[in-house]
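[1] turn this into a structure:
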Amino acid sequence: MKQIITTTNAPAPIGPYSQAVKAGNFLFVSGQVAINPENGELNIGNIDDETHQVMRNLKAVLLEAGLTFDHVVKSTIFLSDMGTFAQVNEIYGQYFTVDFPARETVQVSVLPKNVNVEISVIAIIE
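    Below is the predicted model:
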């Protein structure tokens with residue numbers, strides 16, 4: 001059985017998908033981009049601000065499910081330019097303190113709304 005997780009503290013989906021789906025002991029959080037949920041505007045002024053917005057959006061979805069970044073067991077980072085990896089990685093690391101999740105980072109040719117970074121996560125529900 002699955003349960004759809006939705007919050008107004010993260011951007012509404014821009015397609016036929018859910019912000020997150022709880023299935024068994026796992027929460028699958030859809031890829032988040034740097035849309036500010038308060039005004040619906042993209043926050044892509046620079047890669048640092050963009051990455052922080054993505055992480056805030058992920059945090060909001062996790063919190064709606066009663067979870068934190070400590071529950072994340074897997075993440076995927078999509079970048080439009082691998083040259084931004086060091087900056088994204090540094091900011092990403094500020095949201096995880098210990099017992100880091102498994103992860104891959106890939107460069108893709110284009111992301112939705114021409115953003116520079118998108119991140120999805122899978123969390124375990126204890």
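[2] show me the strands in this structure, by range?
    Along the chain, counting by DSSP state E, strands occupy 2-5, 20-23, 26-32, 72-79, 102-107, 117-124.
[3] TSV for the ones you listed, including distance to Val88, mean neighbour count and mean pLDDT?
    Backbone N, C-alpha and C define where each C-beta goes, glycine included. Shown next, in TSV, are the strands of the chain (distance: least, C-beta to C-beta, whole Å; neighbours: other C-beta atoms under 10 Å; pLDDT from 0 to 100):
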stretch	distance to Val88	mean neighbour count	mean pLDDT
strand 2-5	25	13	97
strand 20-23	21	18	98
strand 26-32	13	20	98
strand 72-79	6	19	98
strand 102-107	8	12	98
strand 117-124	6	22	98
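[4] Met55: which of these is closest?
    Comparing the strands of the chain against Met55 with C-beta to C-beta, the closest turns out to be strand 117-124 (7.3 Å).
[5] quick one: buried residues of whichever helix in the chain runs longest?
    Taking DSSP state H as the criterion, the chain has its longest helix at helix 47-64. Within helix 47-64, the residues scored as buried using 16 or more other C-beta atoms under 10 Å are 47, 50-62, 64.
[6] go on, stretch 80-95?
    So for stretch 80-95, counting by 16+ other C-beta under 10 Å, buried means 80, 84-85, 87-88, 91-92, 95.
[7] what do you get for stretch 9-26?
    10-11, 18-22.
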